[in-house]
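Colleague: this one's structure only:
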């Protein structure tokens, strides 16, 4: 440990670790310096100037997020001048912001609103011209409202640094600066992967998911439709946060009950289709291994990753599993197997998915996923949207009595549950592939090497003497590094899991906004959400997808066997290169190739 | 008759005669005949120059090249090299005590120049900037040779430190210290950058310096490269300066040809090369971290410091950035000595400073004066005072980062501290003289319009704050100012100064704050009496017809809104409620019959 | 793309190839955009797309850069670019009036191009010719010590030269 240094904050002496910023040091000492553009996962911008402090010997205020502590440093965080400057800075932001908090989707969840309130802005001294831009509603998943943008640059940094998508840039300059895709293109024509991470980090409502709650309410009130819901694993692990419940609570039963109260006729669980995905995907993998097909095989569950693949990595399309995502498999089985079984006209079914994801909205609309002239999923709503609907409908979510999902598409194994976190698909696939390949049951089913928040994880297992090397990446930036390795050394891995969002689906672009005093995409919250799913897995007696009796029944009654022609018709798809071409800058692709 | 191309003057004083000037004369004539140059070169004899110790002396004009101790054997070389190939014979040139003397000797009898001291601009107007030989003939690259041959990098830095030179880009950071910081860093690569992104409105020092003497900038950079252990230099220059770019390109090519740039500079172990990168029209790129981003191919947006470029600069490597004028001072410091350099100027500000003198002053142009010269000396002695019998109102130094100083500060000395104390800054050297015809509120608005337009948009205080200041100033000049507006400007100004991310924002309010400080009554008049004493703010003007009107009707015809009434040959009348104060009637009237108030 | 444009693109690609061979190739983006503008008069989207591909720089980044620097034109410009210097010296000596005269004479606002595509009117930051303020720059040539009358004369001279050239 390096030698501690002494700093003084507001006259009080403290010993702190050297090599950190004033903000980091202050955070450990109980001073929460106000901030806005700062995000611990992103590079330091130093742009908003909200976190300014006074440092003795410095002529001007310094941004505490960027300025390093040094021995003997005397810092003041709350002088009259600082308070006034900070207040005026935040007022300047507010002055150039629409005054429509009451009708804004983020009313009550807005960092700017909280900040303005805590700065004590009770009047506008400097109001003048305000920026005017049209909303960009072109995207299927992510919409943009540049008038709400306060130019903190978090979305741009998220999109480029963490996701390496580089769809967003600050364009133009000065007062006219605006965050846009290249050429000020509408989102729908851009390289946006619809991951929605810009929404997660946006302090205001400059980015939002395309909202389908009104359509859904209309459908729910339509007596002629059969309303069928599914919900993703990680929705249950996060939705509680939208109701003030600390991160990490599994709200599965409450969510099922609430969905029924909202008016759904059947509530299924996407975890069922996760088990189904494993059946198909593990079989596909083994087939590729046995018939010397294209390897490594890469998972295809993450819709943002799929769009990314088509634009950024068309050369790897053949490596990607042809399996549809669990949501789309669930949708397909709802409108075929379930409809047939119940004798319902599938055209009367309104298939709804509550997802942690924004990209699923894009996925649901993909024409390649259609079958028999139908979409598998008609409406996708995010965790945020479904939470709002529950509140809006006056349902007492916190105190509601938990309920069980419906059959025949509701029962799931523990393997299906862990799909929601990075490494989960891989772990679930290993559990099944091992048994399918070797005929023996894998005993040690918790695959630690693919768990956790490390960007790229590697592991290996031996199946009948054959070594299978696997890798897992979450967040498209990590994916891009891993895929670069694949390009350079195609034989290095056999099987790869990629999730578009940091942490996997638990960190999805549709998850609840960060609550007061929390940070969006905070690693601790991601870990707790993941833990909720791992606990769910552990609590189940059935922990392998192929052991799920309803899955076995489905194959027996409808699909015959994995990779059958019926399976191919409903559960598999294809991908093709898409424009505009995505470009990952060279420095992001720099990797070490181990021999 | 054909015009003579060269004029030779041979000293024919007693001492030189003793030293065989007569023989030289004959030898010259013979050599000229040989080359058929008798028509194009004339030979004159002069009386004793008094520099007998160096005799015989031969002066070649144009160019005032003075050869000393010329021997008969040298004549063929002088004729062949200098008169035929236009290449001076360096080894025979009489070396002067100080590099700046030569400029003075040539131009010193011109009033405008005589009161200046040209160190950075010593060669501007003296040499052909596109001819490296011209530069070489004036001890060009001698400082570099001296550094490489006889000085360690540490000694070079010590010399720069001794000179007391401070950065001429505006902030005035001690140059030697900056070099030392960068030298101390261990890294595989280091960079030397010349900041030639001169963007202040009203400043053209760098442009002129480069256009007039590109090699001195290169020499300064190469010396720094040696001193800090860098192999690469980059000149970041505005794309708006095509001639300067062209001259730099030629200078770099010539330096490479002469072994001054490239591998093994001047035969030493030290290698260094320079490339040019163009700006693309963003004032903020004059800020060092923005400049680095721009060279890296990004939007020119600054980042918080530390880390400073000397630790983490271009491509993440230690980087030394100085501006054009700073670089141009380096060769002089090495040749004339840091100690000598430090005798010029004041206690805290050493050497000379170049100013671009412009505005309402007789002699506009480039001025280089020792630090410590007063504003009055520059404006009146060198600048020749205010034209058209108008009264001096203020002088604006430091461009959009600086302030406006009224007459009471005219005896302020030019140095970093005194200007700051008076409420302005040295800046990079713009100096605009303002007379009674300029409205100080309008001027403040002009500058803040500039900075808000050039704000990169990254930090809130500058992006949003300067916009609001501009709006408030606009309404004041439009006669819509409200009580409390001055206080709002001050409040915003102070906040922006102390809270902004970079130097652009931190200095943006200066023109406003300094005009409020020194000309508050003008602001108050605008706000409370809706009056602009300079008659500049159109909204507060009224045009009336006076007794001189002969009724010619010119004003009536030109008025775009039909606000002028009157019958021919009778006094006309301007309808105030219709008048849009465009001033066209005032312009068109030949009888001075329209009063603007 | 027209044949002419293809020729220009070939020149640009040659220039990019040179840059791409250097260390920190991406840092030459601004130089490449300068070259593109020199060739095409402005930065067409297709050209930026090709630059992105050739230098492997995301298009959003190129767009951010192209819109940040005022030197780059994102729309086609007129045959002659008139830059009115709005530096301090010119301002003090009446640049605003020169600008008004030009707006009126050409019938365009700042940043616009005349209908005949002959002139584009721009504001410029200090052109560094303060000694002869007020000045305008047309293409690479500086015209100084202007007043309203002289300004119109300069424009008319160019118009005449262009008109003669067409005959």
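Modeller: Looks like it came in fine. All values reported here derive from a predicted model rather than from experimental measurement.
Colleague: So which residue is smack in the middle of the chain?
Modeller: Reading this off chain A. Most central in chain A under C-alpha atoms, centre = their mean is residue A:508, positioned 1.3 Å from the mean C-alpha point.
Colleague: that's the wrong chain, I wanted chain B
Modeller: Central residue of chain B (C-alpha atoms, centre = their mean): residue B:205, at 1.6 Å.
Colleague: Identify each buried residue in the helix ranked longest in chain A, please.
Modeller: Of all the elements of type helix in chain A, the one with the most residues (DSSP state H) is helix A:270-290. Neighbour-count burial for helix A:270-290, counted by 16 or more other C-beta atoms under 10 Å in any protein chain shown, picks out A:270-286, A:288-289. To be clear about C-beta, it is placed using only N, CA and C from the backbone, and glycine gets the same treatment.
Colleague: Pop the domain breakdown of chain C in here.
Modeller: Chain C breaks down into these domains under automatic domain parsing: C:3-68, C:80-166.
Colleague: Quick check: the residue nearest to the centre of chain A touching residue A:233?
Modeller: No. When contacts are counted by C-beta atoms under 8 Å, residue A:508 is not listed as touching residue A:233 (10.5 Å).
Colleague: So which residues of the stretch 1-150 of chain A form strands?
Modeller: A:5-9, A:12-16, A:52-55, A:62-63, A:73-76, A:142-144 (DSSP state E, counting those that start in this stretch).
Colleague: again with the stretch 451-597 of chain B
Modeller: Using DSSP E, counting those that start in this stretch, the strands assigned to the stretch 451-597 of chain B run over residues B:543-545, B:564-565, B:573-574, B:594-596.
Colleague: One more: the stretch 51-200 of chain B?
Modeller: With DSSP E, counting those that start in this stretch as the definition, the stretch 51-200 of chain B shows strands at residue ranges B:58-61, B:65-67, B:191-196.
Colleague: Quickly compare those and say which is most buried.
Modeller: Using mean count of other C-beta atoms under 10 Å in any protein chain shown, the stretch among these with the largest mean neighbour count is strand B:191-196, at a mean of 27.
Colleague: What is that strand packed up against?
Modeller: If contacts are counted by 3 or more C-beta pairs under 8 Å, 6 or more residues apart in numbering or on different chains; DSSP states H and E, strand B:191-196 sits against helix B:214-228, strand B:232-237, helix B:288-295, strand B:319-323, helix B:324-336.
Colleague: Out of those, the one nearest chain C is which?
Modeller: helix B:288-295 (6.2 Å; C-beta to the nearest C-beta).
Colleague: Mind checking the pLDDT average for that closest one?
Modeller: The pLDDT scores in helix B:288-295 average 97.
Colleague: Just give the number of residues close to residue A:443.
Modeller: Applying other C-beta atoms under 10 Å in any protein chain shown, we find 6 residues neighbouring residue A:443.
Colleague: Check the offset of the lowest-mean-pLDDT helix or strand in chain A from the chain's centre.
Modeller: Every helix and strand of chain A was ranked by mean pLDDT, DSSP states H and E. The lowest is helix A:586-589, at a mean of 81. Distance of helix A:586-589 from the chain centroid (C-alpha atoms, centre = their mean, to the nearest Å) equals 23 Å.
Colleague: swap in stretch B:395-405?
Modeller: With C-alpha atoms, centre = their mean as the basis, stretch B:395-405 stands 15 Å off its chain's centre.
Colleague: what distance separates the start and the end of that stretch?
Modeller: For stretch B:395-405, the first and last residues are 5 Å from each other (C-alpha to C-alpha, to the nearest Å).
Colleague: Determine whether any part of it lies close to chain A.
Modeller: No. If you take C-beta under 8 Å from any C-beta of the partner chain as the test, stretch B:395-405 misses chain A, and the best it gets is 13.5 Å.
Colleague: Next, see if stretch B:232-244 gets close to chain C.
Modeller: Yes. Applying C-beta under 8 Å from any C-beta, one finds stretch B:232-244 touching chain C at B:239-242.
Colleague: Report the rounded mean pLDDT for that stretch.
Modeller: The model assigns stretch B:232-244 a mean pLDDT of 93.
Colleague: which residues sit in contact with residue C:127?
Modeller: Residue C:127 makes contacts with B:240, C:83, C:85, C:87, C:135, C:137, C:142, as judged by C-beta atoms under 8 Å, 6 or more residues apart in numbering or on different chains.
Colleague: at 10 Å instead, please
Modeller: Listed by C-beta atoms under 10 Å, 6 or more residues apart in numbering or on different chains, the contact partners of residue C:127 are B:201, B:204, B:207, B:240-241, C:83-87, C:89-90, C:133, C:135-137, C:142, C:144.
Colleague: Filter these down to the buried ones and hand me the PyMOL line.
Modeller: Buried subset of those, written as a PyMOL selection, criterion 16+ other C-beta under 10 Å:
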select buried, (chain B and resi 201+204+207+240+241) or (chain C and resi 83+84+85+86+87+89+90+133+135+136+137+144)
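Colleague: Looking at the contacts of residue C:127, which are in helices?
Modeller: B:207, C:89-90.
Colleague: Filter those residues to keep only those in contact with chain A.
Modeller: Counting by C-beta under 10 Å from any C-beta of the partner chain, nothing from the ones in helices among the contacts of residue C:127 sits close to chain A.
Colleague: Looking at those, which one is closest to residue A:565?
Modeller: Within these, proximity to residue A:565 (C-beta to C-beta) peaks at residue B:207, which comes in at 76.1 Å.
Colleague: if we can go back for a sec, tell me if I'm right that the residue nearest to the centre of chain B and residue B:430 touch.
Modeller: Yes. Counting by C-beta atoms under 10 Å, residue B:205 touches residue B:430, with 8.2 Å between them.
Colleague: what residues are shared contacts of those two?
Modeller: Common neighbours of residue B:205 and residue B:430 (C-beta under 10 Å, 6+ apart) are B:198, B:355-356.
Colleague: Who wins on neighbours among those residues?
Modeller: residue B:198 (33 neighbours).
Colleague: What sits closest to that one if chain neighbours are left out?
Modeller: residue B:206 (4.0 Å; C-beta to C-beta, 6 or more residues apart in numbering or on different chains).
Colleague: and that neighbour, what is it in contact with?
Modeller: B:168-169, B:194-200, B:217, B:237-238, B:241, B:244, B:286, B:323-325, B:327-328, B:354, B:356, B:428-429, C:128.
Colleague: buried subset of these?
Modeller: The neighbour-count test (16+ other C-beta under 10 Å) marks B:168-169, B:194-200, B:217, B:237-238, B:241, B:244, B:286, B:323-325, B:327-328, B:354, B:356, B:428-429, C:128 as buried among the contacts of residue B:206.
Colleague: ranking the domains of chain C by mean pLDDT, which is last?
Modeller: What stands lowest among the domains of chain C, in mean pLDDT terms, is domain C:80-166, with a mean of 86.
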